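# Next one to model:
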Amino acid sequence: MTSDIFDHEAAILEKFKQLKADSKYSGDDFGELVDHYGKLLRTTKRIVKLSDKNEQRLNQLKTEAQETNEQLEGMSAQLSKFLSPQLYNSIFTGSRHGTRVSRRKKLTVFFSDLCGFTNYVESMESEDVTAILNLYLETMTNIALEYGATIDKYIGDGIMLFFGDPETKGVQEDALQCVNMGLEMLRALDNLSDQWAKYGLRDHLQMRIGIDTGFATVGNFGCESRLDYTAIGAAVNRASRLETAADNGSIYISEDTFNLVREFIDAEALPPIHLKGIGEFKARKVLDSKSSKAVSMALGSRNVSFVIDNLSQSELDTAKESLLNAIGKIDAYKGVSN
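Numbers count the residues shown, from 1 in each chain. Prediction:
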């Protein structure tokens, strides 16, 4: 490449040398000019040759950098599976560092357990146990992520989650999201039974859930070589104990949590229950979300809705009669138009 681009200059230099040899151009100034031109041409060739080598090396480095970046992206994707999305994003955006730091935050903490699952494990093949457990955890995790929960850890078939760090929508909204998440998990569990049957698990399993809202210490705990992002404190202990005390297929929440969500959640008061290490404790059993008792109808671009638990029985009967009359009129109109 270098010789090709300097062919013209090399030809000129040869002509100058011939002229220099000619007696008519034998002056010192002309000879010195020819020598300088020759040196300049040789220097330029070396520079261009070096530039070509540098370009090749640069292209090689670009290729190596691209391959390294692809490897890092692959490793990053694998690493993300071991961290909650919120924690993963905070680390890779630089808002959180791998140091032993913690802070006090008001969290809503969630514990759940798959009742009786341990008893089945002993009589099942390990491959089937793995398939059942992974299907359960994947289903519950997808629901948790949909509601914005921070996944703390899996403890066998148990799950610990919390709302309020590293992201929060406010204490009340965090608590409401947590309770609604628990209700959706209970509903989702019913749909898993048919899928579990093909692995030999024909009994219907149920969940227990405990939820409490309160201050906790959240952050990185451990040593310099191994850190664990988690929450510790009284709220964590109470949520764990509430889950243990809960009836199968139910959600127990503390009064602190209920006071935050009472406008949106139906829950019945329980007799004081004894929580290990805590003592007598007031709690409530979640019945349902009040929003689930809303009747909604789409009418073109409009939406008509009302909450049925705010209606008396006579009002419910009147509403039912009105709806039946409306359906009759629609059917009659359809008959005429046809």
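# in its sheet, what does the longest strand anywhere in the chain sit against?
Counting residues, the longest strand in the chain under DSSP state E turns out to be strand 207-223. Strand 207-223 pairs in its sheet with strand 102-114 (antiparallel), strand 226-232 (antiparallel), strand 250-254 (parallel), by DSSP bridges.
# so of these, which one's packed in deepest?
strand 250-254 (a mean of 26; mean count of other Cβ atoms under 10 Å). For the C-beta atoms, the positions are set from N, CA and C on the backbone; glycine is no exception.
# And the next helix or strand past that strand?
Downstream of strand 250-254, the first helix or strand assigned by DSSP states H and E is helix 255-261.
# Show me the shaky parts of the stretch 51-200 of the chain.
Residues of the stretch 51-200 of the chain that meet the criterion pLDDT under 70 lie in 72-100.
# One more pass at 80, please.
52, 55, 57-58, 61, 63-102, 120-123, 193-194, 200 (pLDDT under 80).
# Specify the beta-bridge partners of the residue lying closest to Asp157 once chain neighbours are set aside.
Leaving aside its chain neighbours, Asp157 sits nearest to Leu114 (3.9 Å; criterion: Cβ to Cβ, 6 or more residues apart in numbering). Counting by DSSP bridges, Leu114 is bridged to Met207.
# which ones are touching Leu114?
Tyr136, Asp157, Gly158, Leu205, Gln206, Met207 (Cβ atoms under 8 Å, 6 or more residues apart in numbering).
# ok, back up a step: ok, which of the strands paired with strand 207-223 comes nearest Gln56?
strand 226-232 (43.7 Å; Cβ to Cβ).
# next one: the closest one to chain centre, how far?
18 Å (Cα atoms, centre = their mean, to the nearest Å).
# just to revisit the earlier point, can I get the strands paired with strand 207-223 in JSON lines with distance to Leu323?
Shown next, in JSON lines, are those (distance: least, Cβ to Cβ, whole Å):
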{"stretch": "strand 102-114", "distance to Leu323": "38"}
{"stretch": "strand 226-232", "distance to Leu323": "48"}
{"stretch": "strand 250-254", "distance to Leu323": "32"}
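# Of these, which is nearest Gln177?
The closest of the strands paired with strand 207-223 to Gln177 is strand 102-114. By Cβ to Cβ, the value is 8.0 Å.
# how far does the closest one sit from the chain's center?
The answer for strand 102-114 is 17 Å, by Cα atoms, centre = their mean.
# Name the residues that touch the helix or strand following it?
Per DSSP H and E, strand 102-114 leads on to helix 117-121 as the next helix or strand towards the C-terminus. Applying Cβ under 8 Å, 6+ apart, the contact partners of helix 117-121 are Val129, Leu133, Gly156, Asp157, Leu201, Asp203, Leu205.
# Only the buried subset of those residues, as a ChimeraX command please.
The ChimeraX selection below is limited to those of the contacts of helix 117-121 classed as buried (16 or more other Cβ atoms under 10 Å):
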select :129,133,157,201,205
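# Kind regards, and thank you for your time.
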